[in-house]
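1. need a 3D model of the sequence below.
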Amino acid sequence: MVRANWNGEVLAESDQTIVVEGNHYFPPISISEEFFSDSDSHTICSWKGVASYYDVQVNGKTNKNAAWYYPSPQPAAEKIAGYIAFWHGVEVREE
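-> Alright, predicted model coming up:
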């Protein structure tokens, strides 16, 4: 089981993550949606495509752009379409 934790809460939990470039991508159904809000940020990866971001809000604190996903990835990354990965202090670990 892999868990993503931040500020004392579990943001996502799954035994079916996909690891790409050292990041665990969590299935969309595995996230605790109440902690996520859409961000206006986007970045581009040369082989995955355009990434969209979520801000994470837990216990009165906001972690801006702490989660990202590829809504319509390039063909080489299609297996992670919609899956969510984390950074900016979010602890992701296998348990």
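2. quick one, strands of this protein?
-> Here the chain has its strands, by DSSP state E, at 2-6, 9-14, 18-20, 23-25, 36-45, 49-58, 61-69, 84-86, 91-94.
3. for the fifth one, which outside residues touch it?
-> Contacts made with strand 36-45 from outside it, assessed by CB atoms under 8 Å, 6 or more residues apart in numbering, are listed as 11, 50-57, 64-65, 67-68, 70, 77. The way it works is simple: take the backbone N, C-alpha and C, and place the C-beta from them, glycine included.
4. buried sites along that strand?
-> 36, 39 (16 or more other CB atoms under 10 Å).
5. same deal with stretch 59-75?
-> 63, 65-70, 73.
6. who are the contact partners of Y69?
-> By CB under 8 Å, 6+ apart, Y69 lies in contact with 25, 28, 51-54, 80, 82-85.
7. what ranges of this structure fall below the confidence cut-off?
-> Low-confidence segments of the chain (pLDDT under 70): none present.
8. the residue lying closest to V90 once chain neighbours are set aside: how many residues sit nearby?
-> Of all residues not flanking V90 in the chain, W6 sits nearest, at 4.5 Å (CB to CB, 6 or more residues apart in numbering). Residue neighbour count, defined by other CB atoms under 10 Å, stands at 23 for W6.
9. fine by me, thanks again.
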